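K.L.:
all I have is the shape, not the residue letters:
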């Protein structure tokens, strides 16, 4: 990753911060986005600087399409990323019959449309270089559906199929597009969304009998961005403790 420019969305905490720390090396240029957690992104920045990486932070609301356009134009005019990691997402627990248009618009805008726009914006520069890595952070919900988060599951399923489509379109240009589908990872968002305060309630149906960690997801992301994974384009990697297997 040395001397590469890496863009990681949603890097103020959880999986996003873990990915940023894992990718940090002396000489690496890392662009981080955040939205509401200012203290969190400051902590992430300190960790990257300690590792010798350059950190550039941008506050960005993924639901604001005008801000997305401004951000991507700005990045493209200075230092477009060699590696794009679409991690930022929002979750929302609500019964299916109670979902309204606003609920669907918010989830799809943040979780699917924004990542798609990032890919569209930065792929041309990757094509010129003949090199690029795109890793989309999906979810096990995008593979087996949702009960209390149907709109979230649908958005994450779309992200998996976006990954496959990009692989078909741009693998010949040296752009490797992959996805990760985490299971239940020990993050604040997971606990808040699922509504469980006791981990024992979460792990009873997980064969590994524990939650995953953000660091385990981050290590997988780093592998998918490496040259060793250059023939995995289109792959969705499951990190779920044995809960679900692709068929």
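P.N.:
Alright, I've got the coordinates. As the structure is a prediction and not an experimental result, all values here were calculated from the model.
K.L.:
is it true that residue 63 touches residue 110?
P.N.:
Yes - contact criterion Cβ atoms under 8 Å: residue 63 and residue 110 qualify, at 5.5 Å. Any C-beta I mention is one placed from the backbone N, CA and C, and that applies to glycine too.
K.L.:
out of the two, which sits in the busier spot?
P.N.:
Neighbours around residue 63 and residue 110, counted as other Cβ atoms under 10 Å, are more numerous at residue 110. The numbers are 24 against 17.
K.L.:
and the residue lying closest to that one once chain neighbours are set aside, how many residues sit next to it?
P.N.:
Nearest non-adjacent residue to residue 110, counting by Cβ to Cβ, 6 or more residues apart in numbering: residue 62, 4.1 Å away. Residue 62 has 26 neighbours, counted by other Cβ under 10 Å.
K.L.:
can I assume residue 37 is in contact with residue 13?
P.N.:
Yes - contact criterion Cβ under 8 Å: residue 37 and residue 13 qualify, at 5.9 Å.
K.L.:
secondary structure element holding residue 55?
P.N.:
strand 54-59 (DSSP states H and E).
K.L.:
pull the distance from the helix or strand that comes right after that strand to the chain's centre.
P.N.:
Counting by DSSP H and E, the next helix or strand C-terminal to strand 54-59 is helix 65-78. Put simply, helix 65-78 sits 18 Å off its chain's centre (Cα atoms, centre = their mean, to the nearest Å).
K.L.:
so which bits of helix 65-78 are buried?
P.N.:
68, 71, 72, 75 (16 or more other Cβ atoms under 10 Å).
K.L.:
determine which two of the residues you listed are furthest apart.
P.N.:
Longest distance between any two of the buried residues of helix 65-78 is 10.8 Å, between 68 and 75; criterion Cβ to Cβ.
K.L.:
the helices in the chain, which residues?
P.N.:
14-23, 38-50, 65-78, 101-108, 114-129, 141-144, 150-170, 188-194, 199-203, 214-224 (DSSP state H).
K.L.:
out of the ones you listed, deepest packed?
P.N.:
helix 14-23 (a mean of 25; mean count of other Cβ atoms under 10 Å).
K.L.:
report the rounded mean pLDDT for that one.
P.N.:
Computed over helix 14-23, the mean pLDDT rounds to 97.
K.L.:
ok and that helix relative to helix 214-224, angle-wise?
P.N.:
Calculated by axes from the mean of the first three to the mean of the last three Cα atoms, to 10 degrees, helix 14-23 forms an angle of 50 degrees with helix 214-224.
K.L.:
quick one: which of the buried residues of helix 65-78 is nearest residue 51?
P.N.:
Nearest to residue 51 among these, with distances taken as Cβ to Cβ, is residue 75, at 21.7 Å.
K.L.:
could you find the closest non-adjacent residue to residue 219?
P.N.:
residue 22 (6.1 Å).
K.L.:
what sits against the one you found?
P.N.:
Shown in contact with residue 22 (Cβ atoms under 8 Å, 6 or more residues apart in numbering): 215, 218, 219, 221, 222.
K.L.:
ok, now residue 115?
P.N.:
Applying Cβ under 8 Å, 6+ apart, the residues near residue 115 are 9, 86, 136, 159, 162.
K.L.:
picking that back up, return the set of buried residues in the strand holding residue 55.
P.N.:
55, 56, 57, 58.
K.L.:
tell me which residues are up against it.
P.N.:
11, 20, 28-35, 41, 44-45, 48-49, 71.
K.L.:
repeat the analysis, applying 6 Å as the threshold.
P.N.:
29, 30, 31, 32, 33, 34, 41, 45, 48 (Cβ atoms under 6 Å, 6 or more residues apart in numbering).
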